[in-house]
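Colleague: Next one to model:
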Amino acid sequence: MISVYAEKNLQSSFGGVPYAIAAAIFLVIGVSAFVSFLASALGAGPSGYDLDDGIVALVAFVVPGAYFAYRWRAERAKRNLFKSYVFAIDDVETPLIDLAALVGRSLNETDRDLRELIGEGWYPGAYVDRGNYMFVRSLETEAKAFGGQGPLPPASVTTAGGSPRRASVRKTYKPLDPEIADIVLQCPQCGELNYRTPNLEACEFCGADLRGLQDGR
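Modeller: Numbers count the residues shown, from 1 in each chain. Reported below is the predicted structural model:
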């Protein structure tokens, strides 16, 4: 189950909307003033203004407006990226390689993104286990942070091979980073990722035959 606390943060985040509003205000004022001052300097508008006034308006309003527009785009992209992670992290422990494949990032980028998510408080008590390449959540800490309404541990099922696996629907992966495509093979039946090994013959999640797919990238 995805984190209720992280989903709440996602719903309450503005995604850079304040920057968008500020950008619109500054750009409208700045461009309008610059055009008016330019028209005045060319004799086509009210007198009393010159090109220097237009340059002042350009610097005072258009430049900050462009900066706010840049920040809005950056914040919106960041929110969309975080949204991808929130819906990809649906278990207590999630392999980094799964997250990288789901979000369409490299392992290094995924590690950096997860540290940023933790640092900004989206996953209280979580940490990145670099030894086992896992993102580990703390359900207890999430529940306390959410006021006792945190997520429940996900249900597990037993699959081929007898190992417990969480029940899930077919996942939709982004185009794999070349670094990841050389490490894992996606099962065409259930969509899960399997590590490429010399003796890989069947999907460890659903048991589907993977022979003949090893050389596919």
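Colleague: For stretch 5-15, buried residues please.
Modeller: Neighbour counts over stretch 5-15 (16 or more other CB atoms under 10 Å) mark 5-7, 9-10, 13, 15 as buried. For the C-beta atoms, the positions are set from N, CA and C on the backbone; glycine is no exception.
Colleague: Also stretch 190-207?
Modeller: Buried positions in stretch 190-207, judged by neighbour count with 16+ other CB under 10 Å: 190-194, 196, 203-205.
Colleague: can you check stretch 76-84 too?
Modeller: 76, 78-79, 81-84.
Colleague: For Asn132, grab the count of nearby residues.
Modeller: Look at Asn132: counted by other CB atoms under 10 Å, it has 10 neighbours.
Colleague: what secondary structure does it sit in?
Modeller: coil (DSSP: H, G, I helix; E, B strand; the rest coil).
Colleague: how near is it to Glu201?
Modeller: From Asn132 over to Glu201 the distance is 24 Å, taken as CB to CB, to the nearest Å.
Colleague: hmm, back to that, which one of the buried residues of stretch 5-15 is nearest Phe34?
Modeller: Gly15 (29.3 Å; CB to CB).
Colleague: Check whether the closest residue to that closest one other than its chain neighbours sits in a helix, strand or coil.
Modeller: By the measure of CB to CB, 6 or more residues apart in numbering, the closest residue to Gly15 outside its immediate chain neighbours is Arg79, 4.0 Å from it. At Arg79 the chain is in helix, as set by three-state DSSP.
Colleague: which ones are touching Arg79?
Modeller: When contacts are counted by CB atoms under 8 Å, 6 or more residues apart in numbering, Arg79 touches 10, 13, 15-16.
Colleague: Make a markdown table out of those residues and add distance to Glu93, pLDDT and secondary structure.
Modeller: Below are the contacts of Arg79 laid out as a markdown table (distance: CB to CB, whole Å; pLDDT from 0 to 100; DSSP: H, G, I helix; E, B strand; the rest coil):
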| residue | distance to Glu93 | pLDDT | secondary structure |
| --- | --- | --- | --- |
| Leu10 | 21 | 82 | helix |
| Ser13 | 25 | 76 | coil |
| Gly15 | 29 | 74 | coil |
| Gly16 | 32 | 79 | coil |
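Colleague: Out of those residues, flag the one nearest to Ile25.
Modeller: Gly16 (14.7 Å).
Colleague: so how many other residues sit close to the closest one?
Modeller: The number of residues near Gly16, taken as other CB under 10 Å, comes to 21.
Colleague: I'd assumed Ala69 was in contact with it.
Modeller: No: counting by CB atoms under 8 Å, Gly16 stays clear of Ala69, with 9.7 Å between them.
Colleague: Can you spell out the domain ranges of this structure, please?
Modeller: According to automatic domain parsing, the chain comprises the domains 4-84, 158-217.
Colleague: Which residue, other than its chain neighbours, is closest to Ile25?
Modeller: Gly65 (7.6 Å).
Colleague: and the one you found, how far is that from Val35?
Modeller: The value you get for Gly65 to Val35, if CB to CB is used, is 14 Å.
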